[in-house]
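Undergrad: From the sequence below, what's the structure:
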Amino acid sequence: MDTFQKMRTFVRVAESGGFTAAAVRLNLATGQVSRAVSELEQHLRTRLFNRTTRRVALTEAGKRYLHRCYQILTSLDQAEAEASDAHVVPSGRLRVHATASFGQHYVMPAIMRYQKRYPQVTVELTLSQHVPDLIDEGYDVSIQLSGTELPTSGLIAVRVGTFYSILCASPSYLAERGTASSVADLADHTCLQTTSLTPARSHWDLDGPNGREVFDLPPSPFRVNIAEAMAFALRDGLGVGALPLWTALPWLRDGTLTRVLPSYRVSEMQIHALYTSREYLDAKIRSWVDFLQASIPQMLDDDELTSNQPRSR
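TA: Take a look at the predicted model:
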């Protein structure tokens, strides 16, 4: 085997957790796999795996080498894909990451439409609040939400949309506490905080008829990192809270929640698709990012909210 083949064999052993399992995946004899890794260790003059009769485990040097192998083999795969026209026809497995709430409401429907257009692409979607390391965790694209500029990194970031949140409360809460008619009136209400989209803030930025107004939040009796959980808290009359449009609309439509300060938007944020900087960009990644830009609404406007005012219950 040449060095690249040995590196691929090493990666398969690390991923499979053993020589036998890797041999099955590579359609090789176990002895060939073991010999390839041993020769690689001899070439590097370092041990990559700690071996026992039952299992193998990466050494610290092995973990570092695995990370480099992923980078090197990815670059090699990109070059081979370019030569074999993979940059032209989207195909193969596309690994996508998105935050849970946004992924359910926007990314899932986009994937369904995307696969109808590109049936040769198999999409593997992970929904998580955790921000992944695209290289270490093997993702092709991560869809991130940010209220500020993204930090500088070696990743390509493409803006695919913009969204905002709105203030909501239950009809029963508003019947008891009164309806706010100005930003200043929020001081008379119990304001709840959602911490999922940005780090916890001490204020709300509200954009409305008077431009941007800032409301300093008093200590919140309840905080949660999932927008859907906040919607349930608001339904139960705990106070006033900000919900992303995709979370709020179903609750507004059936009258479970009422919009507070309907002429104001809260916390406008950007939606970015992130992928690794590649000289040879796979067609499935390029086509997916282009598809997101075309299919994800840039922003739901107030006309849609007006057409979906709550019905009397």
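
Undergrad: Kindly confirm my reading that Gln193 is in a helix.
TA: No - counting by DSSP: H, G, I helix; E, B strand; the rest coil, Gln193 is not part of a helix but strand.

Undergrad: Flag the shaky bits of the stretch 151-300 of the chain, pLDDT-wise.
TA: For the stretch 151-300 of the chain, the stretches flagged by pLDDT under 70 are 151-153, 196-201, 278-280, 297-300.

Undergrad: go again using 90 as the cut-off
TA: The stretch 151-300 of the chain contains residues with pLDDT under 90 at 151-165, 193-205, 210, 217-229, 244-247, 249, 266-270, 276-283, 294-300.

Undergrad: And the strands in it?
TA: Secondary structure of the stretch 151-300 of the chain (DSSP state E, counting those that start in this stretch): strands at 155-169, 191-194, 203-208, 211-216, 223-224, 240-244, 258-260, 265-276.

Undergrad: Out of these, flag the one nearest Val131.
TA: With C-beta to C-beta as the criterion, Val131 lies closest to strand 265-276 of the strands of the stretch 151-300 of the chain, at 9.3 Å. In this view, the C-beta of every residue, glycine as well, is placed from N, C-alpha and C.

Undergrad: Could I get the CA-only coordinates of that closest one as CSV?
TA: This file holds the C-alpha atoms of strand 265-276, laid out as CSV (Å, rounded to 0.1, in the frame of the first residue of the first chain):
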residue,chain,number,x,y,z
ARG,A,265,-39.6,43.4,16.0
VAL,A,266,-37.1,41.9,18.5
SER,A,267,-33.5,40.8,18.0
GLU,A,268,-33.1,40.6,14.2
MET,A,269,-30.6,37.9,13.4
GLN,A,270,-28.7,36.5,10.5
ILE,A,271,-28.8,32.9,9.1
HIS,A,272,-25.5,31.6,7.7
ALA,A,273,-24.5,28.4,6.0
LEU,A,274,-20.9,27.5,7.0
TYR,A,275,-18.7,25.1,5.2
THR,A,276,-15.0,24.4,5.1
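
Undergrad: tally of neighbours for the spatially closest residue to Gly239 that is not a sequence neighbour?
TA: Counting by C-beta to C-beta, 6 or more residues apart in numbering, Gly239 lies nearest to Thr190, which is 3.3 Å off, once chain neighbours are set aside. Other residues within reach of Thr190, judged by other C-beta atoms under 10 Å, total 17.

Undergrad: Tell me which of the strands of the stretch 151-300 of the chain sits most buried.
TA: strand 240-244 (a mean of 25; mean count of other C-beta atoms under 10 Å).

Undergrad: Return the distance of whichever strand or helix holds Pro109 from the chain's centre.
TA: For Pro109, the host element (DSSP states H and E) is helix 108-117. Relative to the chain's own centre, helix 108-117 is displaced by 17 Å; criterion: C-alpha atoms, centre = their mean, to the nearest Å.

Undergrad: circling back: take the strands of the stretch 151-300 of the chain and write them to TSV, including distance to Asp185.
TA: Shown next, in TSV, are the strands of the stretch 151-300 of the chain (distance: least, C-beta to C-beta, whole Å):
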stretch	distance to Asp185
strand 155-169	11
strand 191-194	11
strand 203-208	12
strand 211-216	10
strand 223-224	22
strand 240-244	10
strand 258-260	9
strand 265-276	15
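
Undergrad: tell me the angle the lengthiest helix in the chain makes with strand 265-276.
TA: Taking DSSP state H as the criterion, the chain has its longest helix at helix 60-83. Angle, helix 60-83 to strand 265-276, by axes from the mean of the first three to the mean of the last three C-alpha atoms, to 10 degrees: 90 degrees.

Undergrad: Would you pull up how far helix 60-83 lies from the middle of the chain?
TA: The answer for helix 60-83 is 23 Å, by C-alpha atoms, centre = their mean.
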